[in-house]
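S.K.: Provided below are the primary sequence and the corresponding predicted coordinates.
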Amino acid sequence: MNKNSSNTMALAPNTSNKRQTVCIFGTGDFGRALGHKMIQSGYHVVFGSRSTQTSSLIPKDAEVLSHAEAAQKAAIIIIAIQRQHYNFLTPLAEILQGKVLVDVSNNLKINQYPESNAEYLAQLVPGAKVVKAFNTVSAWALQSGTLDASRQVFVCGDDMEAKQMVMDIARALGLTPLDRGSLLAAQEIENYPLQLFPMWKFPILLSLGLTAFFFFYCLIRDVIYPYVYENKDFSFFIAISIPNRICPILALILLALVYLPGVLAAIIQLYRGTKYRRFPDWLDKWMLCRKQLGLVALAFASLHVLYTLVIPIRSFVRWRISSRTIALALNNETEPLNTTNAWLSDSYLALGILGFFLFVLLGITSLPSVSNNVNWREFRFVQSKLGYLTLILCTAHTLVYGGNRFLSPSSYRWYLPNAYMLALIVPCIVLVVKFVLVFPCLDKPLTQIRQGWERNPQYSE
Ligand code: NAP
């Protein structure tokens, strides 16, 4: 069974509901799409509308009546009308007494009103049983049948029986109802479709900021500096060389930022001596988007691999090799093989290849279809142990790439170190702190704290 749907009611659709009459208020896009799908699923649909004239857009097996007439024909009424028009329901309060009113509405902004639309509906028609449902499904998906990505329907309401009836309809339409509890959950359900990649915002903004910073940093060092001091035009570096510097730098920094919040959380827990106090909000949010940070890091690492593959066919690289060879020939010189350099170069490539392989493995195991098939321990092993190994390999790849150039004054331009040196700061901090935390004098109390032990229980919140 899908872990995410643990609260899905596993009951089969109530077949006795077939040919049940369902009323839909509103013949707009959503009302029509839902009505069409319901007729396909065997329901009898009555529309309640301001105009009782049928049109070619309305499903042909449906009736169109006035709101009052339509409401009398069904026990369930779906309100496919925007919240701002709900007050037309007040004069119908008597007819709607005891009926199940399904609120499908969405808002334009998160927390647009003080109370949810479903709660507002319940206040307007106190005698009705209000259920929130179907707002996460779009009219287009219902009509075109492309419901694969949006099969889940969050349902909430205070009346269990009413909620059950709505969940039966959802199942009959081929949807997966998820019981979210009482009507208090309606606000959250209404906010859900308005969120725009909530977990991706921080990783994407951070990578854009870092990309801009490193782009200008490399531009100053690698293009402007040689132009000013040597009158050399290296502006073509913007196409491949600079992106191929930025990509590994961002991959490494973002990968380190996946593990930094865990290290900070460990320090906070050790300091407080308990795990029962909430982390600061910023740390909670950071921890929640670690997977997205890791996937963005993987994207940068993959780009680095692609950029590296084209190095041998670059005109500049071929020119540099041939001019060096010609210069040696003209001067009748030979260049003996430098075994140290060969070792450094091969080791740095090998570390990069292994690091990238583990990086891809981490990315694959974070996909829901894969992570659903491993248990919690296996998932933690891959994401934590292999994750740290990836970070070590990628940091070592960068360190060996630097080789003996780290301390060479010629590698500084306008006192600016090479960009990869900056990239090493966060990963080295993470690895050093993690290394310290592994010492038994810290690891043991931390493990005990994570198992529920508290140093000063009276101070925990
Ligand atoms: P729509 O195309 O604008 O239709 C709304 C309908 O409300 C109208 O066709 C009209 O039906 C009725 N109406 C308008 N003004 C009214 C008034 N003053 N008094 C009474 N009824 C009035 O909107 P929609 O896209 O179908 O959306 C309807 C509801 O479904 C909204 O709350 C929306 O948030 C929700 N929803 C929509 C989608 C979607 O993909 N469109 C998805 C999920 C949820 P009559 O002319 O028949 O009276």
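M.R.: Everything's here; your move. Residues are numbered from 1 along each chain as shown.
S.K.: tell me the phi and psi of I242?
M.R.: Backbone torsions of I242, given as degrees, to the nearest 10, read phi -70, psi -50.
S.K.: check which helix or strand the closest residue to it other than its chain neighbours maps to.
M.R.: Counting by Cβ to Cβ, 6 or more residues apart in numbering, I242 lies nearest to C218, which is 4.6 Å off, once chain neighbours are set aside. Glycine gets a C-beta too; all of them are placed from N, C-alpha and C. C218 is part of helix 201-218, with elements assigned from DSSP states H and E.
S.K.: buried residues, that helix. List them.
M.R.: The neighbour-count check on helix 201-218 (16 or more other Cβ atoms under 10 Å) flags 202-203, 206-207, 210-211, 214-215, 217-218 as buried.
S.K.: list the contacts of the residue nearest to I242.
M.R.: For C218, the contact set (Cβ atoms under 8 Å, 6 or more residues apart in numbering) comprises 237, 242, 245-246, 419.
S.K.: neighbours of I58, how many?
M.R.: 19 (other Cβ atoms under 10 Å).
S.K.: same check on the one 4 residues further on?
M.R.: Other residues lying near A62 total 22 when counted by other Cβ under 10 Å.
S.K.: how about L57?
M.R.: L57 - counted by other Cβ under 10 Å - has 10 other residues nearby.
S.K.: same question for the one 10 residues further on.
M.R.: Using other Cβ under 10 Å as the criterion, H67 is surrounded by 23 other residues.
S.K.: on that earlier part again, give me the next element, helix or strand, following the helix holding C218.
M.R.: Counting by DSSP H and E, the element after helix 201-218 in chain order, helix or strand, is helix 225-230.
S.K.: what's the domain layout of this protein?
M.R.: Domain segmentation of the chain under the TED database yields 19-194, 200-451.
S.K.: briefly note if the shortest one comes near the ligand.
M.R.: When you say that, I think you mean domain 19-194. Yes - counting by Cβ under 6 Å from any ligand atom, the ligand is contacted by domain 19-194 at 26-31, 49-51, 80-82, 85, 88, 104-106, 135, 138-139.
S.K.: per-residue pLDDT of R455, please?
M.R.: If you check R455, the pLDDT there is 77.
S.K.: and the helix holding C218, how far out from the chain's middle?
M.R.: 18 Å (Cα atoms, centre = their mean, to the nearest Å).
S.K.: gap between V370 and F356?
M.R.: 18 Å (Cβ to Cβ, to the nearest Å).
S.K.: who has more neighbours out of the two?
M.R.: With neighbours defined as other Cβ under 10 Å, V370 and F356 compare such that F356 has more, 22 against 13.
S.K.: please, which helix or strand holds that one?
M.R.: helix 339-365.
S.K.: same check, this time on Y420
M.R.: Y420 belongs to helix 419-423 when elements are defined using DSSP H and E.
S.K.: what comes up buried for that helix?
M.R.: For helix 419-423, by 16+ other Cβ under 10 Å, it's 419-421, 423.
S.K.: in this protein, which residue sits nearest the ligand?
M.R.: G28 (1.7 Å; Cβ to the nearest ligand atom).
S.K.: the most centrally placed residue in the chain and D443: what is the separation?
M.R.: Nearest residue to the geometric centre of the chain (Cα atoms, centre = their mean): M199, 4.2 Å. Applying Cβ to Cβ, the value for M199 to D443 is 30 Å.
S.K.: can you list the buried residues in the helix or strand bottoming out on mean pLDDT in the chain?
M.R.: The helix or strand with the lowest mean pLDDT-type score in the chain, counting by mean pLDDT, DSSP states H and E, is helix 368-371 (a mean of 74). Neighbour-count burial for helix 368-371, with 16+ other Cβ under 10 Å as criterion, is recorded at S371.
S.K.: C-alpha coordinates for the next helix or strand after it, CSV please?
M.R.: If you walk from helix 368-371 toward the C-terminus, the next helix or strand you reach (DSSP H and E) is helix 376-380. Provided in CSV are the C-alpha atoms of helix 376-380 (Å, rounded to 0.1, in the frame of the first residue of the first chain):
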residue,chain,number,x,y,z
TRP,A,376,13.6,3.9,6.6
ARG,A,377,17.0,2.4,7.7
GLU,A,378,18.0,1.8,4.1
PHE,A,379,16.9,5.3,3.1
ARG,A,380,18.9,6.9,5.9
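S.K.: now helix 376-380: buried residues?
M.R.: Buried residues in helix 376-380 (16+ other Cβ under 10 Å): F379.
S.K.: and what of stretch 72-92?
M.R.: 73-74, 76-81, 83, 86, 89, 92.
S.K.: ok, now stretch 331-346?
M.R.: So for stretch 331-346, counting by 16+ other Cβ under 10 Å, buried means L344.
S.K.: pull up the distance across that stretch, start to finish.
M.R.: With Cα to Cα, to the nearest Å as the measure, stretch 331-346 spans 29 Å from end to end.
S.K.: if we can go back for a sec, can you redo the buried residues of stretch 72-92 as TSV with pLDDT, distance to L298 and secondary structure?
M.R.: Shown next, in TSV, are the buried residues of stretch 72-92 (pLDDT from 0 to 100; distance: Cβ to Cβ, whole Å; DSSP: H, G, I helix; E, B strand; the rest coil):
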residue	pLDDT	distance to L298	secondary structure
K73	95	56	coil
A74	96	52	coil
I76	97	47	strand
I77	97	49	strand
I78	98	43	strand
I79	98	45	strand
A80	97	42	coil
I81	97	45	coil
R83	97	42	helix
Y86	97	47	helix
L89	96	51	helix
L92	96	55	helix
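S.K.: give me the below-cutoff pLDDT ranges for the protein.
M.R.: Applying pLDDT under 70 to the chain flags residues 1-18, 146-150, 457-461.
S.K.: if we go to 50?
M.R.: 1-15, 17, 461 (pLDDT under 50).
S.K.: so where do the strands sit in it?
M.R.: Here the chain has its strands, by DSSP state E, at 21-25, 44-48, 63-65, 76-79, 100-103, 129-132, 152-157, 176-179.
S.K.: can you redo these as CSV with distance to D222?
M.R.: Shown next, in CSV, are these (distance: least, Cβ to Cβ, whole Å):
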stretch, distance to D222
strand 21-25, 64
strand 44-48, 67
strand 63-65, 70
strand 76-79, 62
strand 100-103, 59
strand 129-132, 57
strand 152-157, 49
strand 176-179, 53
